[in-house]
Structures are given as structure tokens and as C-alpha cells.
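S.K.: next input, structure requested:
(2 chains)
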Amino acid sequence: DAGITQSPRHKVTETGTPVTLRCHQTENHRYMYWYRQDPGHGLRLIHYSYGVKDTDKGEVSDGYSVSRSKTEDFLLTLESATSSQTSVYFCAISAEDSNQPQHFGDGTRLSIL
Amino acid sequence: GDSVTQMEGPVTLSEEAFLTINCTYTATGYPSLFWYVQYPGEGLQLLLKATKADDKGSNKGFEATYRKETTSFHLEKGSVQVSDSAVYFCALSRSDKLIFGTGTRLQVFP
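M.R.: Numbering: from 1, shown residues only, chains lettered A, B, ... in the order given. I've put the predicted structure just below:
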């Protein structure tokens, strides 16, 4: 299995609070991704990174920011959480080539009350 | 824009039945195509992939053929097991990103 660790695995918080999710990889892969999974929507890309300090938006980036200061870590931040951001969040990594598959972490279940 | 359409679920089968999960895509050019599987409480795992037209991906008894003429990548298995119960996602690659279908839940009963 690809070495991907997401933390925390579960979190419950209140509307308006900041939340940071962490993805850590041991594979030295260039690309890292954050997705959210919601019923009826499959997986939707929030942000991704193609190198240290190089990030770009996905299709559902509003309300989220990311940072990648080291190859192995990719942080997702909800500056002021809203109930619509209750979801399961997955991190994924992939090597250089777009034909290479992405490998996924086990997810973080985030509930915003 | 690029998109992936999967059949609605759940798909309910008896053990040893034949499985087909339909997947069609809309894309410019020739993206790579993937099937991922998600077991309860886990992340997605790559099941198989195909990188060009007429390629057949296969793994664990599952197969899918990249059909350019019908823009399809249907997943098949000849004899399903209870342990195959999961959610299956079809996806295409575009500019180092994946575009996923909405997933199809498979339930296999003994």
C-alpha cells in the first residue's frame, strides 16, 4: 500500500471555526490532491499540488485553502467551517505521469455542527 | 468539459452471477481510463486501468476494455463473490487530474 496518512481520521467541530486536515506521504510523489466525497456526487477535486509551494484549484475550491511547504505534507484548511463542508475528505498522491494512477488515503470524516 | 457517467445503483446480485457496470465518458483526445473500488470505511483502491483505445485492463477477475468508438469502459466480472460488495468508480485522467463518475454500489448476496 502507498504510504499515505491522513489526520485526523474523524473530527467534529462547530460552524465558524478553522479546521486543518493533514496529508502525509512517504512515497516522494510529486502530485498531491484533496477531494471531498458526498452522496450523489462521487469524488470532487478541491485543490491539488504539483510540487512544493505549487498548488492549483479544483472544481470545488471555494472556502478551502491549501499549503505544501514540504514534499511529504499537504494541508487543507477550512478558514471558517460551514455545515455544507460536512463531508469525507480524501487525500491522494501520484507520480509524474498522468497515466499513473492516484493512490488514496483512508479519509477524514468531518462533521460541522 | 470532460465527464464520466456511470449507471445508477445499487446493483444487487447473487453470488456467482455475472456483473456489468456501465461507464461512458466525454472527453477530447484519448485520456487514460480507470476503475477504482471503495470498500466500507476505506479509501479508493485502483482496480484496473487502460491507457489507449482497445486496451483491456484486468485484475482480480474484473475486466474493462477501452472502447473509443462507443466512448465506454464497462466493468465486467464473470462470477461475483460476496467480498466484491463495494462502491465502484469509473474515472478518466485529464491534465494530471482525475474526473470521477458518481460511483455504483454493488451488493452481492450469498
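S.K.: going forward, measure contacts and count neighbours with C-alpha atoms only.
M.R.: Noted.
S.K.: those residues of chain B touching chain A, which are they?
M.R.: With CA under 8 Å from any CA of the partner chain as the criterion, chain B meets chain A at residues B:32, B:34, B:41-46, B:51, B:89, B:93-97, B:99-103.
S.K.: what's the weakest-modelled helix or strand in chain B?
M.R.: Least confident helix or strand, chain B: strand B:97-100 with a mean of 89, by mean pLDDT, DSSP states H and E.
S.K.: report all helices and strands that it contacts.
M.R.: strand A:42-51, strand B:3-6, strand B:86-94 (3 or more CA pairs under 8 Å, 6 or more residues apart in numbering or on different chains; DSSP states H and E).
S.K.: show me what the last one is packed against.
M.R.: The one in question is strand B:86-94. Using 3+ CA pairs under 8 Å, 6+ apart, strand B:86-94 is in contact with strand B:3-6, strand B:33-38, strand B:97-100, strand B:104-109.
S.K.: state the number of residues packed around residue 76.
M.R.: Picked chain A for this. Close neighbours of A:L76, defined as other CA atoms under 10 Å in any protein chain shown, add up to 22.
S.K.: wait, chain B
M.R.: What B:E76 shows, counting by other CA under 10 Å, is a neighbour count of 18.
S.K.: residues touching it, list them.
M.R.: Neighbour list for B:E76: B:F18, B:L19, B:T20, B:I21, B:F62, B:E63, B:A64 [criterion: CA atoms under 8 Å, 6 or more residues apart in numbering or on different chains].
S.K.: that one: helix or strand, and which one exactly?
M.R.: According to DSSP states H and E, B:E76 maps onto strand B:75-77.
S.K.: number of residues surrounding residue 27?
M.R.: If you meant another chain, say so; for now it's chain A. Neighbour count for A:E27, taken as other CA under 10 Å: 14.
S.K.: nope, chain B please
M.R.: Other residues near B:A27 number 14, with proximity taken as other CA under 10 Å.
S.K.: check contacts around it.
M.R.: Taking CA under 8 Å, 6+ apart as the test, what B:A27 contacts is B:G1, B:D2, B:S3.
S.K.: my guess is the second one meets B:Y25, correct?
M.R.: So the one you mean is B:D2. Yes. Using CA atoms under 8 Å, B:D2 is in contact with B:Y25, at 7.5 Å.
S.K.: show me where chain A has strands.
M.R.: For chain A, applying DSSP state E gives strands covering A:4-7, A:10-13, A:19-25, A:31-38, A:42-51, A:54-57, A:64-70, A:73-78, A:87-94, A:103-104, A:108-112.
S.K.: what packs against the longest one?
M.R.: It refers to strand A:42-51. Using 3+ CA pairs under 8 Å, 6+ apart, strand A:42-51 is in contact with strand A:31-38, strand A:54-57, strand A:64-70, strand B:97-100.
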